[in-house]
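> Sequence first, then the predicted structure:
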Amino acid sequence: MKDLFHVPPGGPYLLSHSVGCLPRSARNVLEAGYLSPWETTGGAAWGPWLETIEGFRTALAGMISADIAEVAPQQSVSSALFSLLSGLRPADGRNRVLMSEQAFPTVGYVAQGLERLGFETRLIPAAQSPGDAETWERHLDAGVAAVVAMHVHSNTGVTSPIPEIAALARRHGALSIVDVAQSAGILRVTPREWGVDALVGSSVKWLCGGPGAAWLWLRQSLTTTIEPLDLGWFGHEDPYEFDIRAFRHAPDARRFQGGSPSIAPFALALAGIETITGIGQPAILAHNRTCIAAFAAAVDRTIDMDGRGGTLCLEFEDVARLHETLAPRGFRYDVRGQCLRASFHAWNDPEEAILLGRTIAEAGLEFRVAS
């Protein structure tokens with residue numbers, strides 16, 4: 001599997017949770033779907049360019065077992081979430097956007113910005129585990145308009161009980177939205193099985209598609225009930241009507257596309273999705289767990305990955321000494337606060353996991369699994 005990617009030279013690359021490695025097929029896909037049409041046809045390149053966008057939508061829909069009409073390309077998770085939430089209308093007594101304080105910060109920033117439209121941001125305290133359905137049940141009531149849950153939390157690796165959250169939101173008449181940026185490509189993402197209303201996701205991490213190619217999935221039966229504020233000609237029912245006085249929302253998820261799309265990011269993201277689905281998400285997850293088991297054996301610890309994503313999130317007391325230990329060996333990882341984050345993807349192997357474990361164990365570094 002490693003041969004399918006350009007892996008940066010040096011020590012083990014463990015940053016899939018941040019930026020996935022470039023697929024070797026990406027240059028050819030970028031050339032065929034973006035550069036070559038531009039070079040050879042100029043303005044006529046818009047035809048092939050839009051085929052590239054449709055290729056991305058088709059591949060993404062296939063990966064999550066959805067219909068292409070339910071998928072809208074987006075520039076970022078932030079823009080996808082804003083486009084969706086801005087289309088809701090806060091009502092008296094139902095205007096809260098509920099999320100965990102452990103959510104990725106951009107999600108909270110979007111919600112706070114929407115307070116100018118009459119929404120209220122409600123954060124579940126970080127001390128209350130978002131991995132426990134009872135946590136969500138305690139905070140869901142008739143005042144909640146939308147629930148935004150992380151499938152996988154970036155600082156702990158803990159997963160949210162998505163089907164249970166969706167059922168609770170539905171019971172209270174709230175929209176259920178799931179951020180799958182840290183799970184797509186490593187865990188199964190099945191919105192219809194989960195019973196959720198919407199997904200927002202990114203291609204830059206486990207999907208190895210680079211930045212700028214995010215996406216929104218919205219349950220088709222809800223589409224015509226939500227009218228986003230971020231309008232553009234590609235969200236028009238007929239983008240080529242060119243009547244400045246008449247805007248009509250597209251009848252499907254295209255209404256969330258806004259203005260002219262960027263092409264290159266989606267060509268690269270298409271290469272990423274095709275590479276990941278070619279390997280198979282179950283195979284990538286099984287390989288990830290094999291590597292983590294090898295790490296656990298090397299540090300002589302039991303590490304339970306049940307209810308977690310693909311990233312090892314380990315909290316160390318002495319972070320400075322951790323850096324002093326790992327940096328000379330060339331490990332590519334990151335630390336948030338006291339938490340080491342290390343992700344094993346298809347290009348990693350158990351020997352690299354053992355090396356990480358032995359390096360930590362031989363240095364006598366103490367840690368605990370983040371929660």
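Nice, thanks for sending it over.
> Tell me which residues touch Gly357, please.
By CB atoms under 8 Å, 6 or more residues apart in numbering, the residues touching Gly357 are 294-299. Backbone N, C-alpha and C define where each C-beta goes, glycine included.
> likewise Arg321?
Taking CB under 8 Å, 6+ apart, we find Arg321 in contact with 363, 365.
> With just CA atoms, put the helix or strand hosting it into CSV.
Using DSSP states H and E, Arg321 maps to helix 319-326. C-alpha atoms of helix 319-326 as CSV (Å, rounded to 0.1, in the frame of the first residue of the first chain):
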residue,chain,number,x,y,z
VAL,A,319,6.1,17.2,26.7
ALA,A,320,9.5,18.9,26.3
ARG,A,321,11.2,15.6,27.0
LEU,A,322,8.9,13.9,24.6
HIS,A,323,10.0,16.2,21.8
GLU,A,324,13.7,15.7,22.8
THR,A,325,13.1,12.0,22.5
LEU,A,326,11.2,11.8,19.2
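> Name the residues that touch the helix or strand that contains Phe295?
Taking DSSP H and E as the criterion, Phe295 maps to helix 281-299. Residues from elsewhere that reach helix 281-299, judged by CB under 8 Å, 6+ apart: 1, 63, 185-188, 206, 276, 302-303, 305, 310, 312, 343-346, 348-358, 360-361.
> Following element in sequence after it, please.
Past helix 281-299, the next helix or strand by DSSP H and E is strand 311-316.
> Helices along this structure, start to end?
Secondary structure of the chain (DSSP state H): helices located at 26-30, 36-41, 46-63, 77-85, 105-113, 133-139, 162-171, 191-194, 264-279, 281-299, 319-326, 350-362.
> Go ahead and build a PyMOL selection from the buried members of the contacts of helix 281-299.
Buried members of the contacts of helix 281-299 can be picked out in PyMOL with the line below, counting by 16 or more other CB atoms under 10 Å:
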select buried, resi 1+63+185+186+187+206+276+305+310+312+343+344+345+346+348+349+350+352+353+354+355+356+357+360
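> can you pull the contacts of the nearest residue to Ser260 once chain neighbours are set aside?
Leaving aside its sequence neighbours, Ser260 sits nearest to Phe234 (CB to CB, 6 or more residues apart in numbering; 6.5 Å). Residues in contact with Phe234 (CB under 8 Å, 6+ apart) are 254, 257-261.
> so which of those is the most crowded?
The most crowded member of the contacts of Phe234, judged by other CB atoms under 10 Å, is Gln257 (25 neighbours).
> Who are the contact partners of that residue?
Contacts of Gln257 by CB under 8 Å, 6+ apart are 72-74, 232, 234-235, 250.
> And the furthest pair within the residues you listed?
The most widely separated members of the contacts of Gln257, counting by CB to CB, are Gln74 and Ala250 (14.5 Å).
> which of the two has more neighbours?
Each of Gln74 and Ala250 has its neighbours counted (other CB under 10 Å); Gln74 has more, 26 against 19.
> thinking again about what came up before, from the contacts of Gln257, pick the one nearest Val319.
Val319 lies nearest to Gln74 out of those, by CB to CB, at 34.6 Å.
> Go ahead and confirm that closest one touches Ala253.
No - using CB atoms under 8 Å, Gln74 makes no contact with Ala253, being 10.2 Å away.
> and for these two, which residues touch both?
Applying CB under 8 Å, 6+ apart, one finds that Gln74 and Ala253 are jointly contacted by Leu216.
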